[in-house]
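Peer 1: Output the structure for:
(one chain, ligands or ions: 1)
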Amino acid sequence: MADSSIVLTELHRKSTSWAKVVDEIVRIEKKIFPKHESLARSFDDELKKKNSGLIYLEINGDLAGYVMYSCPSSLCAIITKLAVKENYRRQGHGDTLLKAAIEKCRSKRIHRISLHVDPLRTPAMHLYKKLGFQIDTLVKAYYSSDRDAYRMYLDFDKE
Ligand SMILES: CC(C)(COP(=O)(O)OP(=O)(O)OC[C@H]1O[C@@H](n2cnc3c(N)ncnc32)[C@H](O)[C@@H]1OP(=O)(O)O)[C@@H](O)C(=O)NCCC(=O)NCCS
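Peer 2: Numbering: from 1, shown residues only. Sure thing, here's the model as predicted:
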């Protein structure tokens, strides 16, 4: 089998690929996430916010996954989205994307990264724990009246 080409890219506002990448991500969002958890309708706006960033991964030119983060203050960052298309899962791409976002935040001298995750999302929970995130608290009805979230965090100064 031919080697596949895997490319990791940070999406910049002035990138000529902006519209194409955002369109593709919106398509993926709609497939993977329920409406109340999806950023499909607001992705473009979210990304244009000053402190947001997005790293995406392409395999042989196909957008296979992405991670989105924001840095609302100089001390903390938030992972706002992480997803890998179903046919590319369990091949280490989620790990690669999350590590890339963590490194990006570390380079900005952020002290803490936090995120919210539905406790029932087992693959995501395992991945976050594997990369050192700890559970902070359970937030009842975070996503909807019957869906809670764990708030998790990773502190750099405690590593
Ligand atoms: C979570 C997600 C991004 C993982 O992507 P992935 O490319 O399949 O993950 P990787 O192959 O890099 O796996 C990395 C680690 O994740 C965990 N993991 C991934 N899939 C798993 C599964 N099906 N069951 C248990 N753990 C799993 C493991 O800890 C794995 O490490 P290991 O291979 O050493 O066991 C992917 O499953 C996804 O997009 N899920 C739907 C969207 C989602 O839940 N996003 C998070 C919202 S907060």
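
Peer 1: from what I can see H116 touches Y142, true?
Peer 2: Yes: using CB atoms under 8 Å, H116 makes contact with Y142 at a distance of 5.9 Å. (Each C-beta comes from the backbone N, C-alpha and C, glycine too.)

Peer 1: show me what contacts the residue in the chain that the ligand sits nearest to?
Peer 2: Closest to the ligand within the chain is G94: 2.4 Å, counting by CB to the nearest ligand atom. By CB atoms under 8 Å, 6 or more residues apart in numbering, the contact set of G94 is G65, L82, V84, P123, A124, L127.

Peer 1: same check, this time on C105
Peer 2: Y69, C71, A77, I113.

Peer 1: What strand or helix carries the first one?
Peer 2: Counting by DSSP states H and E, the element that carries Y69 is strand 62-70.

Peer 1: Report the buried residues of the helix-or-strand element of the chain with minimal mean pLDDT.
Peer 2: The least trusted helix or strand in the chain, going by mean pLDDT, DSSP states H and E, turns out to be helix 43-48, with a mean of 83. The neighbour-count check on helix 43-48 (16 or more other CB atoms under 10 Å) flags F43, E46, L47 as buried.

Peer 1: The last one reaches L54, doesn't it?
Peer 2: Think L47. Yes: L47 is within contact range of L54, at 5.8 Å (criterion: CB under 8 Å).

Peer 1: what touches both of the two?
Peer 2: By CB under 8 Å, 6+ apart, the residues touching both L47 and L54 are L11, M68.

Peer 1: Would you mind finding the longest strand in the protein?
Peer 2: strand 134-144 (DSSP state E).

Peer 1: Now do whichever helix or strand comes after that strand: which elements does it pack against?
Peer 2: Later in the chain than strand 134-144, the nearest helix or strand by DSSP H and E is strand 147-155. Identification of packing neighbours for strand 147-155 by 3 or more CB pairs under 8 Å, 6 or more residues apart in numbering; DSSP states H and E yields strand 112-117, strand 134-144.
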